[in-house]
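Trainee: no sequence on this one, just coordinates:
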């Protein structure tokens, strides 16, 4: 189990073999981060009728130990997406002799308890840190009224009302339910059916959480996250997510324990706020029960897109997670905006390779011609000059390259993967993806996380994020700093080599410019 297959990510979590999609059951408990996920443990294609929860744990958000798959399907149906919480106060009664434990809340698909209502919500509990689970004998705990799409419960404890809150995806809306004990649920309110520009596909994987504004503990807002599936006949006339296929959006407002209220009305499709402008960040959800002493809002997503998810050019496994990210809510002149930053723990696998400062870039020169690397963190800051476009080309060879650049005229950060390597498995894969990004003091900052089959680009303070999978040849490992149409000042560049999380790598001493 050395994780060296072609395209295998080196510092992104992927199961040892077979299919993976949505993260599930994200919870922190007794010094472990739990990552559950939709998993077909016997095939590299999704088998929705036999979906399990895969399971991995980590003590540092970086190195993961894959455990046996949890929550197998049974007569109650397949195990679709959901969440997990620490029942600290034993409200469920499952932990009388244990003090606390984990409760998973998930969707059973193809459940037969009520005819014509195949998606229901069920619960299970674990008294041994998530290693084994017991399904509640009173399942299902929540039935739909009408719709067939009734799934992906995300649950949290609401201190002000002393109730559990469930946020649920119900086709074209989110429904909120409350419970004193995780077993009995009452409808509270609904949101989203009338929000224009958000209904090309069904709503999926919602998440609702409070977050500090600008890091101020005295200012708090609520953020509602929604994933929107690739169009399956819901409303093909509404706009696609920025990169097409499936995507994610967010809403900022207030929540009183029953009702979510938007701060600003959405008057047109241009008012919809998108989380990621690349193709491959979906179904992200936050970790529950992060200790107060930590205080961060952490999450992880699935690096894939339902438009081509089943056709990726990998063999032994198919699907992986993004890097873990920290969420923040910051004030800009346009209003409050959600930003994402890579978690600081990733620094543990980084080693400095090269640094540059105060260099002017001009067309047809490459200061990185002697550098070769397949997985790295690249942090660059540019001061805009006469160049109409500038940036970095990664995973480069004579025939392949992925371009991470900035268009000064349109004020857009972009990733161009049209020549990134293998792209012929789907006609929509070879594409260029753009994100709006205004300069700050005439400067553009970009942080690029590059792995064997992905780039994740964080523009500015993480306001503009583009996450894209790529499938280059292993020998496509060159780097290039570039400028088009004029010059641009490279204020600073730091290249950090990122090691594998699966094994101890022997660092090659022959890398050019190490330590400069």
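Mentor: Cool, got the structure. Predicted, not measured: the structure shown is a model, and the values here were computed from it.

Trainee: contacting residues around the closest residue in space to residue 458 that isn't next to it in sequence?
Mentor: Closest residue to residue 458 apart from its sequence neighbours, by CB to CB, 6 or more residues apart in numbering: residue 447 at 4.4 Å. C-betas here are computed from N, CA, C, even on glycine. Counting by CB atoms under 8 Å, 6 or more residues apart in numbering, residue 447 touches 342, 377, 378, 379, 380, 457, 458.

Trainee: which ones among those residues are found in strands?
Mentor: Mapping those onto strands (DSSP state E) picks out 342, 377, 378, 379, 380, 457, 458.

Trainee: name the member of the residues you listed with the most neighbours.
Mentor: Using other CB atoms under 10 Å as the neighbour test, the ones in strands among the contacts of residue 447 are led by residue 457, with 29 neighbours.

Trainee: and that one, what does it touch?
Mentor: 278, 404, 413, 415, 446, 447, 448, 449, 465, 466, 467.

Trainee: how close does the third one get to residue 88?
Mentor: So that's residue 413. Separation of residue 413 from residue 88 (CB to CB, to the nearest Å) stands at 42 Å.

Trainee: looking at these two, which is more packed in?
Mentor: residue 413 (25 against 13).

Trainee: which positions are bridged to that one in the beta structure?
Mentor: Counting by DSSP bridges, residue 413 forms beta bridges with residue 406, residue 435.

Trainee: ok, now residue 212?
Mentor: Beta-bridge pairing for residue 212 (DSSP bridges): residue 220.

Trainee: repeat that for residue 186.
Mentor: Residue 186 has these beta-bridge partners by DSSP bridges: residue 178.

Trainee: residues touching it, list them.
Mentor: So residue 186 contacts 177, 178, 179 (CB under 8 Å, 6+ apart).

Trainee: surely the last one meets residue 163?
Mentor: Put plainly, it is residue 179. Yes. In this structure, residue 179 is within contact of residue 163 by CB atoms under 8 Å, at 6.3 Å.

Trainee: now do the residue lying closest to residue 13 once chain neighbours are set aside against residue 242, distance only.
Mentor: The shortest distance from residue 13 to any non-neighbouring residue, by CB to CB, 6+ apart, is to residue 321 (4.3 Å). To residue 242, residue 321 is 21 Å away according to CB to CB.

Trainee: are any of the contacts of residue 457 buried, and if so which?
Mentor: By neighbour count, with 16 or more other CB atoms under 10 Å, the contacts of residue 457 hold 278, 404, 413, 415, 446, 447, 448, 449, 465, 466, 467 as buried.

Trainee: need the residues you listed in TSV with secondary structure and pLDDT, can you?
Mentor: Compiled in TSV, the buried ones among the contacts of residue 457 are given as follows (DSSP: H, G, I helix; E, B strand; the rest coil; pLDDT from 0 to 100):
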residue	secondary structure	pLDDT
278	coil	98
404	strand	98
413	strand	98
415	strand	98
446	strand	98
447	strand	98
448	strand	98
449	strand	98
465	strand	98
466	strand	98
467	strand	98
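
Trainee: nearest to residue 216, of the residues you listed?
Mentor: Closest approach to residue 216 among the buried ones among the contacts of residue 457 (CB to CB): residue 465, at 23.1 Å.

Trainee: which residues touch that closest one?
Mentor: By CB under 8 Å, 6+ apart, the neighbours of residue 465 are 275, 276, 277, 278, 281, 340, 435, 456, 457, 458, 459.

Trainee: surely the last one meets residue 413?
Mentor: Which is residue 459. Yes. With contact defined as CB under 8 Å, residue 459 counts as touching residue 413 (4.2 Å).

Trainee: next, show the common contact partners of those two.
Mentor: 435, 437, 444, 446, 466.

Trainee: neighbours around the first one, how many?
Mentor: Same thing as residue 435. 21.

Trainee: per-residue pLDDT, residue 146?
Mentor: Here the pLDDT value assigned to residue 146 is 84.

Trainee: and for the residue most central in space within the chain, nearest residue in space, chain neighbours not counted?
Mentor: What sits nearest the mean C-alpha location of the chain, by CA atoms, centre = their mean, is residue 301, with 2.2 Å. Sequence neighbours aside, residue 284 is the residue nearest to residue 301 in space, at 3.2 Å (criterion: CB to CB, 6+ apart).

Trainee: so that neighbour, which of the three states?
Mentor: Of the three states, residue 284 takes strand under DSSP: H, G, I helix; E, B strand; the rest coil.

Trainee: any idea how far residue 50 is from it?
Mentor: 24 Å.

Trainee: comparing the two, which residue is more hemmed in?
Mentor: More neighbours surround residue 284 than the other of residue 284 and residue 50, with 25 against 15 (other CB under 10 Å).

Trainee: can you pull the contacts of that one?
Mentor: 23, 205, 207, 225, 227, 248, 275, 299, 300, 301, 302, 322.

Trainee: from those residues, which is closest to residue 187?
Mentor: Nearest to residue 187 among the contacts of residue 284, with distances taken as CB to CB, is residue 207, at 19.1 Å.

Trainee: number of nearby residues for that closest one?
Mentor: So residue 207, with other CB under 10 Å, has 24 neighbours.

Trainee: repeat that for the one 4 residues further on.
Mentor: Counted with other CB under 10 Å, the burial measure for residue 211 works out to 19 neighbours.

Trainee: what number of residues lie near the nearest residue to it once chain neighbours are set aside?
Mentor: Of all residues not flanking residue 211 in the chain, residue 329 sits nearest, at 4.9 Å (CB to CB, 6+ apart). Other residues near residue 329 come to 22 when the count uses other CB under 10 Å.

Trainee: would you say residue 329 is within a strand?
Mentor: Yes. Under three-state DSSP, residue 329 sits within a strand.

Trainee: and it, what is it in contact with?
Mentor: 211, 212, 213, 214, 221, 223, 252, 336, 337, 338, 339 are the contacts of residue 329 under CB under 8 Å, 6+ apart.

Trainee: the fourth one touches residue 337, doesn't it?
Mentor: No. Using CB under 8 Å, residue 214 and residue 337 do not qualify as a contacting pair, with a distance of 11.0 Å.

Trainee: more neighbours, the two?
Mentor: residue 337 (17 against 10).

Trainee: good, we can wrap up now.
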